[in-house]
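Chemist: could you work out the structure for the sequence below:
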Amino acid sequence: MNCIFCGTENVDDAVYCKKCGKRLDGTVVCENCGQTVSADSIFCPYCGVKREADVSQVEESAVTEDKQPAAKKTLKIISSASALVAALSALIFVFFIGVTTVEMSAKGGTVESSINLFYYFGNAYKDIDKILLNVIDFNNGYSAFFESSLHVPAVFGTVIAALTLLSVVCVSVAAIVRSVRCLAGKTDNTGAGLAVFAFLCYIAGTVALFALNNNYIKSFNVFAEGGAEVYSVKLNAASVAGITLGGLFSVASVGTLIANRGKELIKTDSLVKLILSAVIAVFAIVILALCIKPSFDLSSPDMRLGEKAEINVIYLLQIFAYACIFDESYSHIDNADQIMAYCIIAFIALIAIIIFVALALNGAVASTTNKNKKQNLFIPVVLMLSAVLYLVFTICAAKEFINALETLSESAEDGTSVSEMLHVSYAVPIAVMVLSVVTLAVSIARKCVISKYFKTEAE
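Modeler: Numbers count the residues shown, from 1 in each chain. Take a look at the predicted model:
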């Protein structure tokens, strides 16, 4: 319901305008006798006294009210319809999220295999049992460390799959219901906020699954002589389709809501808040893109240990575990449990980063469509702390692994040790940490702008 005096949109059951304080039914109180009369009355029909209000102003507002709500109503319908499609896209495509692994062996030939969310509800554990049986046949047994290194990624995959399916389905259904109610004229809420949140849950699950499986190895002899030459991962077609459709209609839904605010965006505080929210959104998207990258790079500048390996911390566990199987000397390393602990903590921190980046992005979007949205710094602070933990424990895991190689490997003929022949790059976790710190700084600036706005409104 829009006020005929100022054009401000109010909730359906409101009696007075939240901006100008006048009655929404178009009546006013006579200043002389206190009776309720029509707002366009020049004289009071009860006492005959001429009213002090300027009737021409009411008539002008009524004309504006006839035009402005029509445009706003159209934008609201577009926003609600777009939110409906975005929520449906997330709800449908969440069941098809998956990655395709591509392996090119040193002997030639390419092997592709697909992994989706449902793989971690059964088949992952069946494959582990098969691997363990094969290892028994090959090596007459295996260590607890080897078995744990196989189950840890599977357990992470199960948790990621369960949280993704549960969150996307619940939030998408809520968004669909709200959007349909808006299109039916039952509510003014378009459901855009819930639709965007459902899409971000979909994105978070996709990124987490990709991060769990993403590695790139090219002829790195430290790990497997004559083994995989190239191992890479890509999203399947359904995941890409879900991201594309959900992203397009989420942007359309939010964009129309922003446009619906009209002249409010011209105000300096609203414009500054919109720009800061957009900056936070950009940083959040960049951080998500970095989260799918392997945790660190190993390279050998003089090529004595191979060419290149980009490794995530979970895959590092499996590398070390398989080394224990094929080389008995690895099984006697004292710091194996430390390597596992560091890898697990680092990956938990990475999952936390993905979750809180999605929440930060959702908060940035919400603040652009709702001028009264209050902000807190809890999400960006936890995001920054998670990024710090990710960097610290990634470095610890890589250092411990290199120390293990140093213990077992002989130095080169020129006396160069393994650690000197390896170059380690932590560019990804460092970049994530820096961007999280910048995101916190921008969030503080946005909170200051919003606090100033509410203070001004109160005055």
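Chemist: isn't Ser79 up against Ala192?
Modeler: Yes: the pair Ser79 / Ala192 is scored as a contact, 5.4 Å apart, by CB atoms under 8 Å. All C-beta spots, glycine's among them, are computed from the backbone N, C-alpha and C.
Chemist: what do those two both touch?
Modeler: 253-254, 257 (CB atoms under 8 Å, 6 or more residues apart in numbering).
Chemist: between these, which is closest to Tyr390?
Modeler: Nearest to Tyr390 among the shared contacts of Ser79 and Ala192 is Val254, at 29.2 Å by CB to CB.
Chemist: related to what we said a few turns ago, narrow the shared contacts of Ser79 and Ala192 to just the buried residues.
Modeler: Neighbour counting over the shared contacts of Ser79 and Ala192 (16 or more other CB atoms under 10 Å) leaves 253-254, 257 as the buried ones.
Chemist: what number of residues lie near Ala90?
Modeler: Residues within reach of Ala90, counting by other CB atoms under 10 Å, total 32.
Chemist: give the buried residues for the one helix or strand Ala341 maps to.
Modeler: Using DSSP states H and E, Ala341 sits within helix 336-369. Neighbour-count burial for helix 336-369 flags 336, 338-340, 342-369 (criterion: 16+ other CB under 10 Å).
Chemist: nearest residue to Ile131 in space, please, no chain neighbours.
Modeler: Leu150 (6.4 Å; CB to CB, 6 or more residues apart in numbering).
Chemist: helix, strand or coil for the closest residue to Ala336 other than its chain neighbours?
Modeler: Spatial nearest neighbour of Ala336, chain neighbours left out: Phe145 (5.2 Å); criterion: CB to CB, 6+ apart. Following DSSP: H, G, I helix; E, B strand; the rest coil, Phe145 is assigned to helix.
Chemist: now Phe145: how far from Ala341?
Modeler: Per CB to CB, to the nearest Å, Phe145 is found 12 Å from Ala341.
Chemist: kindly report the same for Leu209.
Modeler: Counting by CB to CB - Leu209 and Ala341 are separated by 23 Å.
Chemist: about what we covered before: burial of the residue nearest to Ile131, as a residue count?
Modeler: Leu150: 21 surrounding residues under other CB under 10 Å.
Chemist: go through the helix or strand hosting it and flag the buried ones.
Modeler: Using DSSP H and E, Leu150 sits in helix 144-183. Within helix 144-183, the residues that qualify as buried are 145-146, 148-150, 152-154, 156-158, 160-161, 163-165, 167-169, 171-172, 174-176, 178-179, 181-183, counting by 16+ other CB under 10 Å.
Chemist: stretch 38-45 too?
Modeler: Quick answer for stretch 38-45 (16+ other CB under 10 Å): 39, 41, 44.
Chemist: all the helices of the stretch 51-200 of the chain, residue numbers only.
Modeler: Per DSSP state H, counting those that start in this stretch, the stretch 51-200 of the chain carries helices over the ranges 55-93, 123-139, 144-183, 192-213.
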